[in-house]
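Engineer: show me how the following folds:
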Amino acid sequence: MIGIYDYTVVLTYLSLASAGAGIMVSLNGPGHPFMGVFFLLICGLFDAFDGRVARTKANRTEIEKNYGIQIDSLADLVAFGVLPACIGNAMIRVCPTMEDYIYFKQDGHFALPVQAIFFLILIIHILATMIRLAYFNVTEEERQKREGGVRKYYTGLPVTSASLVFPAVLLIQYIIPADITVIYFIVMFLLDIAFLSKFQLKKPSFRGIMIMVAAGTIEFILLAIFWYIRNFGG
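Structural biologist: Alright, predicted model coming up:
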């Protein structure tokens, strides 16, 4: 059987499995974006540690290293590119009937030109995620030949930031009474620009990663509490 199945790839496999579950939940029936976003947070948690776990294995072969790089990028494309797009698609279909954005809507649904713009942004997001990941892989390979070691700076915003940004946006829906679908797509477009920008961003230390994990945990707990209150709080 082809593939690698030791502990170094388990978190990456779990991240992809979580992303797949989130996609299916988001696209099921009328769509469940507030359920899909839980799986996005889980993907971010697994991604925060998969590289560190992989590097703990001594004497990794070049095939194992290259395999890990490839599946990490493929999993990230699905988790932080396709899954947020599916969550956005679900938000269009759920379409809460709020009055604040009524000029965008017809009979409680977004007008077709607005929906077309939204779908274009979803496609751009998947494309921007793929371009960034492919560019990162190529430049990282060249950097390894020149410098070796672990990279200290990122060029542009890493795609994994999606696992914190989009849940934060959906939290807004529980705080304000307005339909935040438009906000979601504005944030997505701005995030895509950040993915492909050339600014330098220092790679977070282990402490920084733990702070982001803590932030994601808080988002998860708050989303779970608000979701429970809205659905079962009477």
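Engineer: dump the residue contacts of residue 188.
Structural biologist: By C-beta atoms under 8 Å, 6 or more residues apart in numbering, the contact list for residue 188 reads 84, 88, 121-122, 125, 166. The way it works is simple: take the backbone N, C-alpha and C, and place the C-beta from them, glycine included.
Engineer: how close does it sit to residue 94?
Structural biologist: 16 Å (C-beta to C-beta, to the nearest Å).
Engineer: kindly report the same for residue 11.
Structural biologist: For residue 11, the distance to residue 94 (C-beta to C-beta) stands at 31 Å.
Engineer: those two: who's more crowded?
Structural biologist: Under the criterion of other C-beta atoms under 10 Å, the comparison of residue 11 against residue 94 puts residue 11 first, with 21 against 16.
Engineer: where does the more buried one fall, secondary structure wise?
Structural biologist: Counting by DSSP states H and E, the element that carries residue 11 is helix 10-27.
Engineer: likewise residue 169?
Structural biologist: Element membership for residue 169 (DSSP H and E) is helix 162-175.
Engineer: which positions within that helix qualify as buried?
Structural biologist: 162-167, 169-171, 173-174 (16 or more other C-beta atoms under 10 Å).
Engineer: ok, stretch 202-214 next?
Structural biologist: Neighbour-count burial for stretch 202-214 flags residue 212 (criterion: 16+ other C-beta under 10 Å).
Engineer: what sits up against it?
Structural biologist: For stretch 202-214, contacts defined as C-beta under 8 Å, 6+ apart pick out 44-45, 48-49, 150-154, 164.
Engineer: can you rerun that using 10 Å?
Structural biologist: Here stretch 202-214 makes contact (C-beta atoms under 10 Å, 6 or more residues apart in numbering) with 44-45, 48-49, 52, 150-154, 158, 160-161, 163-164.
Engineer: who's in contact with the residue nearest to the spatial centre of the chain?
Structural biologist: For the chain, the residue nearest the mean C-alpha position is residue 80 (2.9 Å; C-alpha atoms, centre = their mean). Neighbour list for residue 80: 15, 19, 40, 43-44, 47, 125-126, 129, 132-133, 158-163, 165-166, 191, 195 [criterion: C-beta under 10 Å, 6+ apart].
Engineer: now do 8 Å
Structural biologist: Contact analysis of residue 80 by C-beta under 8 Å, 6+ apart lists 40, 43, 129, 159-160, 162-163.
Engineer: kindly report the same for residue 72.
Structural biologist: Residue 72 makes contact with 12, 47, 50-51 under the criterion C-beta under 8 Å, 6+ apart.
Engineer: which stretches in the chain count as strands?
Structural biologist: 105-106, 109-110, 153-155, 200-202 (DSSP state E).
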